[in-house]
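[1] I would like to see how this sequence folds:
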Amino acid sequence: MISISKPVWGLLTVIGFVLTVHLLAPILMPFLLAAVFAYMGDPIADRLEARGMARTTAVVTVFVALTIVTALLLLVTVPLLIEQVQLLIERIYDGIAWVQHTGLPALRQYFDLPEQKKPMEAAKDALSENWESAGGILFYLWGKVSGSSMAVLTWIANVTLVPVVTFYLLRDWDVLMAAIRNLLPRSIEARTVIIAKQCDDILGAFARGQLLVMLALAVVYTIGLWIVGLELALVLGLLAGLASIVPYLGVIVGISAAGLAAFFQFDSLWPMVGVAAVFGLGQALESMVLTPMLVGDKIGLHPVVVIFAILAGGQLFGFVGILLALPVAAVVKVMINHLHDYYKDSEFYDEKHSMAASDDVE
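    Sure thing, here's the model as predicted:
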C-alpha cells in the first residue's frame, strides 16, 4: 500500500477544493451570499442567545430585522435612483451638446484647425447605428434567455435560495462549526482552531467594518454633494461609497464623476472646488476616524494586496472569485505568518545550530 505524507494530503485537499469551486462556480452564488449574510448575522444571534433567547427565536429576530431594513432601503433608494439615472441620461445628452457647440469650436480656434462639417452629427449617427445594432443583439439574446423556461426557473431559484439558505445556515452556524472541528485530525485540531480563530478575527473585522465604512462614506458623499447642489448627489455618492471597497478607488471614481457632473451643471468653478472638498473630507474621515474606529488594525492586508487579490479572483473565478478574494487573502496571510514563525523556530534559521553543525564538520 502506498503511503502518502501529511503535506501531500494537505496539498491534494487544497487542489481539490480549488477545482471544486471552479467547477461549481455557476451554482455557488446563492450559497456564498447566504454564507456571507449568515456569517455577519451570527454574532448578533449569539448575543441575543446569551441573553436567554432561544436560538431559533434569535435567528428569526435577526432575519426579520435584516429583511425589514433591506426592504426599507430598497423602497427609499430605488425610486430615487431611477429618477437620478434618468437625470444622468439627460446630463449625458447635455454633455454631448456642449462638446458639439462649445468644446470643438474652442479647440479648432485654439489650434487653428480647419472647419469641419458637423462632426458630432456624424458621430451621433454612427453611435445610433451601432446602438440599434447592439440593441438588436441584446434583444435577440434576451429573447433567447427569457424564452428558455429553464433559465427563468434557475434565476428565480437562485433569488429564492438566498434567504432560505441564510436562515438555515444562521440557525445551525455553531453546530456546523463544531461538526467541522470534530472532523479535524486530533494531531492538528488545536493549531487549526487557533489559525481559524485568527482568520475569523481578520474576516470579521474586514467584513463588518468595511461594510460600515462603505455605508458611512456613501452617506457622507451623498450629503456633501447635495449641499454643494449637485443634482446627481445620490447616485454618485452611492457609487463612490461602493467603490471604496478597493482603497482609493472610491475617491478616484467619485471625484472624477462628480467633478464632470459639476462642470456641466454649473457655470462656476466653485462647485467643483466644493466637490473636491467633499471627497477630501471623506478621505480624511476614512483614514483618521472611520477605518481606525470600525475596522481597526486587525486586518493587516496592504492596499496593494487587496487590489491584487480582487483582480486575481475576478480573473480566475469571475464574480465568485471576487467574493472569495479577500477571505482567501486573509487566510493566506495567516498561513504565511504561521509558516514564518515555524521558519524562525526551525533549525535551518537557528544561528547557534548552524554554527554547531559547522564546528562538527571541521
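[2] does the residue positioned nearest the centre of the chain count as helix, strand or coil?
    Closest to where the C-alpha atoms of the chain average out (CA atoms, centre = their mean) is residue 245, at 5.4 Å. What DSSP: H, G, I helix; E, B strand; the rest coil gives for residue 245 is coil.
[3] and if you look at residue 268?
    coil.
[4] got the buried residues for stretch 39-54?
    39, 40, 41, 42, 44, 45, 48, 49 (16 or more other CB atoms under 10 Å). Where you see a C-beta, it was placed from the backbone N, CA and C, and this is true even at glycine.
[5] centre of the chain to it, how far?
    On the basis of CA atoms, centre = their mean, to the nearest Å, stretch 39-54 sits 26 Å off its chain's mean C-alpha point.
[6] do the same with stretch 243-262
    15 Å.
[7] now the helices for the stretch 101-250 of the chain?
    104-111, 119-147, 149-171, 173-183, 186-228, 233-243, 249-265 (DSSP state H, counting those that start in this stretch).
[8] turn these into a markdown table, columns for mean neighbour count.
    Listed next are the helices of the stretch 101-250 of the chain as a markdown table, based on neighbours: other CB atoms under 10 Å:
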| stretch | mean neighbour count |
| --- | --- |
| helix 104-111 | 11 |
| helix 119-147 | 11 |
| helix 149-171 | 15 |
| helix 173-183 | 12 |
| helix 186-228 | 17 |
| helix 233-243 | 22 |
| helix 249-265 | 19 |
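[9] residue 56: which of the ones you listed is closest?
    Nearest of these to residue 56, taken as CB to CB: helix 149-171 at 6.1 Å.
[10] for that closest one, packing partners?
    Applying 3 or more CB pairs under 8 Å, 6 or more residues apart in numbering; DSSP states H and E, we find helix 149-171 packed against helix 6-50, helix 55-98, helix 119-147.
[11] what about it, average pLDDT?
    In this model, helix 149-171 carries a mean pLDDT of 77.
[12] pLDDT below threshold where in the stretch 1-150 of the chain?
    Scanning the stretch 1-150 of the chain for pLDDT under 70 picks out 1-8, 10, 26, 112-150.
[13] one more time with 90, if that's ok
    For the stretch 1-150 of the chain, the stretches with pLDDT under 90 are 1-56, 58-60, 62-150.
[14] how far is stretch 63-79 from where the chain is centred?
    From the chain centre to the centre of stretch 63-79 is a distance of 20 Å (CA atoms, centre = their mean).
[15] list the buried ones in that stretch?
    63, 66.
[16] what does it contact?
    Identification of contacts with stretch 63-79 by CB atoms under 8 Å, 6 or more residues apart in numbering yields 37, 41, 163, 166, 167, 170, 234, 238.
[17] just checking, the first one touches residue 164?
    Right, residue 37. No: counting by CB atoms under 8 Å, residue 164 is not a contact partner of residue 37; they are 11.4 Å apart.
[18] leaving out sequence neighbours, find the closest residue to residue 229.
    Take residue 229 and drop its neighbours on the chain: the residue closest to it by CB to CB, 6 or more residues apart in numbering is residue 271, 6.4 Å away.
[19] and for residue 331?
    The nearest residue in space to residue 331 (CB to CB, 6+ apart) is residue 199, at 5.1 Å.
[20] just residue 161 next, same as before
    residue 30 (4.0 Å).
[21] do the same with residue 220
    residue 282 (4.9 Å).
[22] what about the one you found, how many neighbours?
    Residue 282: 26 surrounding residues under other CB atoms under 10 Å.
[23] relative to helix 249-265, how tilted is the helix or strand hosting it?
    Using DSSP states H and E, residue 282 falls within helix 270-285. Inter-element angle recorded for helix 270-285 and helix 249-265: 170 degrees (by axes from the mean of the first three to the mean of the last three CA atoms, to 10 degrees).
[24] give me the distance from helix 270-285 to the chain's centre.
    Taking mean C-alpha positions (CA atoms, centre = their mean), helix 270-285 and its chain are 24 Å apart.
[25] other residues contacting that helix?
    216-217, 220-221, 224-225, 227-230, 240, 250-251, 254-255, 258-259, 262-263, 265-266.
[26] try 7 Å this time
    217, 220-221, 224-225, 228-229, 251, 254-255, 258-259, 262-263 (CB atoms under 7 Å, 6 or more residues apart in numbering).
[27] let's have those residues in a markdown table, adding pLDDT and distance to residue 56.
    Output for those, formatted as a markdown table (pLDDT from 0 to 100; distance: CB to CB, whole Å):
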| residue | pLDDT | distance to residue 56 |
| --- | --- | --- |
| 217 | 91 | 36 |
| 220 | 92 | 38 |
| 221 | 92 | 40 |
| 224 | 92 | 43 |
| 225 | 90 | 44 |
| 228 | 90 | 49 |
| 229 | 89 | 50 |
| 251 | 86 | 44 |
| 254 | 87 | 43 |
| 255 | 89 | 48 |
| 258 | 88 | 46 |
| 259 | 87 | 51 |
| 262 | 86 | 52 |
| 263 | 82 | 56 |
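[28] and residue 294, how far is that from residue 217?
    Plainly put, residue 294 is 11 Å away from residue 217 if you go by CB to CB, to the nearest Å.
[29] residue 347 in helix, strand or coil?
    coil.
[30] domain assignment for this structure?
    27-111+148-183, 199-296, 300-344 (automatic domain parsing).
[31] wait, which of those is closest to residue 193?
    domain 27-111+148-183 (6.5 Å).
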